[in-house]
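Undergrad: return a 3D structure for these sequence lines:
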Amino acid sequence: MTDIAQDMPWLRRAWQTVQSRVAEDRLPHALILVGECGVGKRSWAEAVGGLLLCDQPLGREAGQPIACGRCKQCELLAAASHPDIRIYAPEKSRMVKVDQVRALSSFAVASPQVAHHKVAIIDRADQLNINAANALLKTLEEPLPDVTLILLQESGRPVLPTIRSRCQTLTVPVPGNSEANQWLLTRVKNLPEDTQPSADVLAKALMLAGNAPRLALDYATGDFIGLRDTALDRFKDFMKSRIPVGEAARAFKSMGLEDTLWLFETWAADLARLIVGGSARDADAADMLGFLAKTTPGWRAHELLDMVKESRAAGVYNASPELEASRLLIAWQKLMPVKRPAA
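TA: Numbering: from 1, shown residues only. Down below sits the predicted model:
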């Protein structure tokens, strides 16, 4: 079985930490892996799960064990049919709900079905609703020797301190542009030639993804870039009072709420950076944001960031992307300098 750190070198430090703990038989019962969206956190968690379930790990004596890829457990994992590993992720509401955590708790207390161990992965532990977080806390407070919990958290999204204090936290960095680009190129080469993204599309995908390779791959091979370009054009038109707010907001409808919030969050963060002399991550929006940065105080940019955070914290994931976009667009337009009438 391939070492996950060979496939994604930026995961190496977090992966080797787990390898050494497994080799020494002192892996904690619960881990939190923190990293940006699209850096491979779930792949890392699944690799850890595979290592813990494997009957005959290779390289244990050298302190760098990996799953063998040949035993019954590895075969079940490869077929995505292993009963002793479960993944719990946000549902359509974009929240991890209490019923999912209760199912995790029931899974945790039951005996392993075919392996000697069990693994439960919570993807986006930062999106546990309050009831789910409290239910998870009870499971963390009563650790079981044959169960490992792996929580995945996006950078900048909080997890309850009471949950964090009961887990060992590991962090995954974002790779540099060269490393991310090389990984991306190796993946798109496997696509049919007529579907391979151009170099310009790959560069834009990496720019928008902040060098997060898996996210960039999704962007480069999906429709996000086109939707985002249209939304940015309408955003600029609205800021210049060329179109009404309703028309501008409609451009965000097809993106969905989470991507809409993410886009406004990215622009607000870029504005904050430009105000203090930094540079914008979204190069296509840099001209407009640079213009606003000349007259906007820093607290206004952070106010825009807070508006996005409030939308997420309020659990508005059933809300309309158009309505949220309208609310945010109106707040943004207030930053435009007021033209004074000629004397």
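Undergrad: need the contact list for Leu263.
TA: Residues counted as contacts of Leu263 (CB atoms under 8 Å, 6 or more residues apart in numbering) are 228, 231, 252, 255. Every residue, glycine included, has its C-beta placed from N, CA and C.
Undergrad: how many residues are close by the third one?
TA: As a burial measure, Phe252 scores 29 neighbours (other CB atoms under 10 Å).
Undergrad: I'd assumed Pro321 was in contact with it.
TA: Yes: using CB atoms under 8 Å, Phe252 is in contact with Pro321, at 5.0 Å.
Undergrad: need the residues touching each of the two.
TA: Thr260.
Undergrad: quick one: contacts for Cys68?
TA: 1, 54-58, 74.
Undergrad: how about JSON lines for the contacts of Leu263, with distance to Arg124 added?
TA: Compiled in JSON lines, these are given as follows (distance: CB to CB, whole Å):
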{"residue": "Arg228", "distance to Arg124": "22"}
{"residue": "Ala231", "distance to Arg124": "24"}
{"residue": "Phe252", "distance to Arg124": "22"}
{"residue": "Met255", "distance to Arg124": "19"}
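Undergrad: low-confidence stretches in the stretch 201-343 of the chain?
TA: 314-318, 339-343 (pLDDT under 70).
Undergrad: what about 90?
TA: 256-258, 309-321, 337-343 (pLDDT under 90).
Undergrad: helices of that one, residue ranges please.
TA: 213-221, 224-239, 245-250, 257-275, 286-293, 298-313, 321-333 (DSSP state H, counting those that start in this stretch).
Undergrad: all strands for the stretch 101-250 of the chain, in order.
TA: 118-123, 147-154, 168-171 (DSSP state E, counting those that start in this stretch).
Undergrad: now tabulate those in a markdown table and tack on distance to Ala269.
TA: A markdown table is the format used below for those (distance: least, CB to CB, whole Å):
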| stretch | distance to Ala269 |
| --- | --- |
| strand 118-123 | 24 |
| strand 147-154 | 14 |
| strand 168-171 | 19 |
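Undergrad: go through these and name the closest to Leu160.
TA: strand 147-154 (10.8 Å; CB to CB).
Undergrad: which single one of the contacts of Cys68 is nearest to Leu104?
TA: When the contacts of Cys68 are compared against Leu104 (criterion: CB to CB), the nearest one is Cys54, at 21.9 Å.
Undergrad: thought the closest one was touching Leu76?
TA: No: between Cys54 and Leu76 there is no contact under CB under 8 Å: 10.6 Å.
Undergrad: quick one: which of the contacts of Leu263 is most hemmed in?
TA: Phe252 (29 neighbours).
Undergrad: which segments of this structure make up each domain?
TA: 4-171, 223-333 (automatic domain parsing).
Undergrad: looking at the ones you listed, which is closest to Leu208?
TA: That would be, of the domains of the chain and by CB to CB, domain 223-333, which comes in at 6.8 Å.
Undergrad: how far off centre is that closest one?
TA: Distance of domain 223-333 from its chain centroid, counting by CA atoms, centre = their mean, to the nearest Å, is 19 Å.
Undergrad: stretch 109-119 now?
TA: In terms of CA atoms, centre = their mean, the centre of stretch 109-119 is found 28 Å from the chain centre.
Undergrad: what lies in contact with that stretch?
TA: Contacts of stretch 109-119 (CB under 8 Å, 6+ apart): 48-49, 52-53, 55, 72-73, 76, 82-86, 107-108, 144, 146-150.
Undergrad: so what would you say the end-to-end distance of that stretch is?
TA: 12 Å (CA to CA, to the nearest Å).
Undergrad: in it, what counts as buried?
TA: The neighbour-count check on stretch 109-119 (16 or more other CB atoms under 10 Å) flags 115, 117-119 as buried.
Undergrad: go on, stretch 66-85?
TA: 66-68, 71, 73-74, 76-77, 82, 84-85.
Undergrad: secondary structure and pLDDT added to the residues you listed, as TSV?
TA: As requested, these are exported to TSV (DSSP: H, G, I helix; E, B strand; the rest coil; pLDDT from 0 to 100):
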residue	secondary structure	pLDDT
Ile66	strand	94
Ala67	coil	95
Cys68	coil	94
Cys71	coil	96
Gln73	helix	96
Cys74	helix	96
Leu76	helix	97
Leu77	helix	96
His82	coil	97
Asp84	coil	97
Ile85	strand	97
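Undergrad: how about the residues you listed, which pair is most distant?
TA: Spatial extent of the buried residues of stretch 66-85 (CB to CB) is set by the pair Ile66 and Asp84 at 18.5 Å.
Undergrad: check what pLDDT the most centrally placed residue in the chain gets.
TA: The residue lying closest to the centre of the chain (CA atoms, centre = their mean) is Cys37, at 2.3 Å. pLDDT, Cys37: 94.
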